[in-house]
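dropping a prediction and its sequence here:
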Amino acid sequence: MISARGRACALLGLDDTAGGDVWGYAGRTLSGAVTTPEGGAWLRLVSEPEGKGSGKLWDGPKEAERSVPPVVPRPRLLGLRDWSADGWDYRAEHYEIVGTPPVSKSPVLHHRADLPDTWWQDLRQALDHLALVRTDRQAAREEYIRRRVPEFTGVTPGEIAWTTTHGDLHWANLTGPALTLLDWEGWGTAPLGYDAANLYLHSLPVPDVAERIRKEFAHVLDTPVGRVGELTACTEILQAAARVPFYADLADGVRQHLSHLKGPTIGQV
């Protein structure tokens, strides 16, 4: 990956002198600041075994640049190059630099997040604008929901209200105090409430922040169809707990939250 990043810089006319490697899960991605004649920029390198460089995750950022309106705050994709070498497919994505850091280095929040009221307003507006984007992409599949949600939660979901979502809304993908939504590889349609529920579940270790999310998104989460999105988010975390350490740590809190979700209203979904 480090060698491939050098080739990516050559292809895109970037200078890899800024330092500061940011590795993605299992080393699948390598990101970091770079420089251009115009100033700072960001380079994200993605790898897959040769022949596997395609599909939803591979094309997510490219399709977001084409379909998601600028009113949703996100890094603009400025350039892209693909190539294959030594049994691997590579994609290099050149982004504008984001000056505000993520709220947390980890997807799960473990510290207070003193975010201004305007940040919460901007997040609600961003998700509202995103919900209006028409796409064939799927962040969550109905077949998965029908099969796995009962298995992991004991609840059989009924009607699903679909909407367009970010698909991976957690604290490492949100900057603050100025809001930017990062990492657009998994965006697409999911049940209403899915994004808000994901952010809530990733906030369980910090009750004050979790409570703020319940308040800000009560109009979505405190509805029968919104609870389907929440059940889906719970299911994904519990299923991933066996292989992802930070989800293993979060699993007990998610199970405890599920006991509250299984009240009288949830039986109506």
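Structure received.

low-confidence regions, the stretch 1-150 of the chain specifically.
18-19 (pLDDT under 70).

what about the helices in it?
2-12, 56-67, 117-131, 142-153 (DSSP state H, counting those that start in this stretch).

show me what the shortest one is packed against.
Helix 2-12 sits against strand 29-36, strand 39-49, strand 77-85, strand 88-96, with contacts defined as 3 or more Cβ pairs under 8 Å, 6 or more residues apart in numbering; DSSP states H and E. C-betas here are computed from N, CA, C, even on glycine.

quick check: buried residues in stretch 172-182?
Using 16 or more other Cβ atoms under 10 Å as the test for burial, stretch 172-182 gives 172-176, 179-182.

er, stretch 31-38 I mean
Quick answer for stretch 31-38 (16+ other Cβ under 10 Å): 31-34, 36.

just put those residues in a markdown table and tack on distance to Thr164.
Shown next, in a markdown table, are these (distance: Cβ to Cβ, whole Å):
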| residue | distance to Thr164 |
| --- | --- |
| Ser31 | 25 |
| Gly32 | 30 |
| Ala33 | 30 |
| Val34 | 31 |
| Thr36 | 32 |
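
in the sheet, who's paired with the closest residue to Gly20 other than its chain neighbours?
Excluding the flanking residues, the one nearest Gly20 by Cβ to Cβ, 6 or more residues apart in numbering is Gly32, at 5.3 Å. Gly32 has these beta-bridge partners by DSSP bridges: Leu43.

against Val46, how distant is Gly32?
Gly32 is 13 Å from Val46, where distance means Cβ to Cβ, to the nearest Å.

ditto for Val68
For Val68 relative to Val46 (Cβ to Cβ), the value is 19 Å.

likewise for Asp15?
Distance, Asp15 to Val46, by Cβ to Cβ: 20 Å.

who has more neighbours, those two?
A direct count of neighbours by other Cβ atoms under 10 Å for Asp15 and Val46 places Val46 higher, at 22 against 11.

neighbours of the closest residue in space to that one that isn't next to it in sequence, how many?
Of all residues not flanking Val46 in the chain, Arg91 sits nearest, at 4.6 Å (Cβ to Cβ, 6+ apart). For Arg91, the neighbour count with other Cβ under 10 Å is 22.

what residues are up against Arg91?
45-46, 53, 58, 80-82 (Cβ atoms under 8 Å, 6 or more residues apart in numbering).

gap between it and His166?
Distance of Arg91 to His166, computed by Cβ to Cβ: 20 Å.

same check on Val68?
From Val68 to His166 the distance is 9 Å (Cβ to Cβ).

likewise for Glu63?
Counting by Cβ to Cβ, the separation of Glu63 from His166 is 13 Å.

between these two, what contacts are shared?
Joint contacts of Glu63 and His166 (Cβ under 8 Å, 6+ apart) are Trp187.

which one's more surrounded, those two?
For Glu63 versus His166, neighbours defined as other Cβ under 10 Å are more numerous around His166 (28 against 18).

who touches that one in this structure?
His166 makes contact with 127, 130, 139, 173, 181, 184, 186-187, 195, according to Cβ under 8 Å, 6+ apart.

what is the most widely separated pair among the residues you listed?
Across the contacts of His166, the two members that end up farthest from each other (Cβ to Cβ) are Leu127 and Gly186, 14.9 Å apart.
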